[in-house]
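> build me a structure from this.
(2 chains)
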Amino acid sequence: LAKTTQPISMDSYEGQEVNITCSHNNIATNDYITWYQQFPSQGPRFIIQGYKTKVTNEVASLFIPADRKSSTLSLPRVSLSDTAVYYCLVGDSGGSYIPTFGRGTSLIVHP
Amino acid sequence: GAVVSQHPSWVICKSGTSVKIECRSLDFQATTMFWYRQFPKQSLMLMATSNEGSKATYEQGVEKDKFLINHASLTLSTLTVTSAHPEDSSFYICSAPIVGTGRTNEKLFFGSGTQLSVL
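Numbering: from 1, shown residues only, chains lettered A, B, ... in the order given. Coordinates of the predicted model:
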């Protein structure tokens, strides 16, 4: 199971772009990279998932370099409501994948 | 998207009593569900994997006799905290995976969580 490392916290201001990087040096060939967002006293929610290169949806973009040993979640023009903890998970649904959460990144968006 | 319903949202109980938390997948079937526990300012800690029709798989250090898990149908898993004590007070979260097809992988859908306070 690939271990992930993220910054513990980040600060930003409304309207800025925020990039959160996750390191996963031991990622396996079949592993996907998935990001979740969690607000206080709520369950996490899925944001975006990717395998390689770039993935974009209505919420965020995910950049994955060719070696796949890291990934970057990009949040365009953040607002106060983007203040949350962001988790990066790496794994493959095949076999006995057990989704284990790391410490996550606490993002605080200031006015 | 897929919906996972978790009840109750919060519960207060006396020490020594048991509390049951339900987790339902509303619009999809889940042969597997995961139960997490989260303390303030900390990450989610996986407690156990609930398997429909069979015994749950517990993570190391989690007492299976204290945290009873039942996954009797493809849409319902329950976690019962037996003989609860103040140290069991925590935020409990369930999740159910949906395995993608083609170029997508598993995505987790989470319940809204249950805040347990044991007096």
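> which parts of stretch B:66-76 are buried?
In terms of neighbour count (16 or more other Cβ atoms under 10 Å in any protein chain shown), stretch B:66-76 has its buried residues at B:Phe67, B:Leu68, B:Ile69, B:Asn70, B:His71, B:Thr75, B:Leu76. No exception for glycine: its C-beta is placed from N, CA and C like everyone else's.
> with distance to B:Ser50 added, can I get these in TSV?
Formatted as TSV, those follow (distance: Cβ to Cβ, whole Å):
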residue	distance to B:Ser50
B:Phe67	11
B:Leu68	11
B:Ile69	5
B:Asn70	8
B:His71	4
B:Thr75	12
B:Leu76	10
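> can you name the two of the residues you listed that are farthest apart?
Farthest-apart pair in the buried residues of stretch B:66-76 is B:Phe67 and B:Thr75; separation 20.7 Å (Cβ to Cβ).
> any idea how many residues pack against the spatially closest residue to A:Thr56 that is not a sequence neighbour?
With sequence-adjacent residues excluded and distances taken as Cβ to Cβ, 6 or more residues apart in numbering or on different chains, A:Thr56 is closest to A:Leu62, at 7.6 Å. When counting by other Cβ atoms under 10 Å in any protein chain shown, one arrives at 23 neighbours for A:Leu62.
> one more: B:Glu106?
19.
> please apply the same query to A:Gly15.
10.
> the helix or strand hosting B:Ser5 close to chain A?
Assigned by DSSP states H and E, B:Ser5 belongs to strand B:4-7. Yes: part of strand B:4-7 sits near chain A under the criterion Cβ under 8 Å from any Cβ of the partner chain, namely B:Val4, B:Gln6.
> who's in contact with that strand?
By Cβ atoms under 8 Å, 6 or more residues apart in numbering or on different chains, the residues outside strand B:4-7 that reach it are A:43, B:21-26, B:93-96, B:109-114.
> just the buried residues of those.
A:43, B:21-25, B:93-96, B:109-111, B:113-114.
> picking up where we left off before, partner strands of the strand holding B:Ser5 and their direction?
Strand pairing for strand B:4-7, using DSSP bridges, gives strand B:19-25 (antiparallel).
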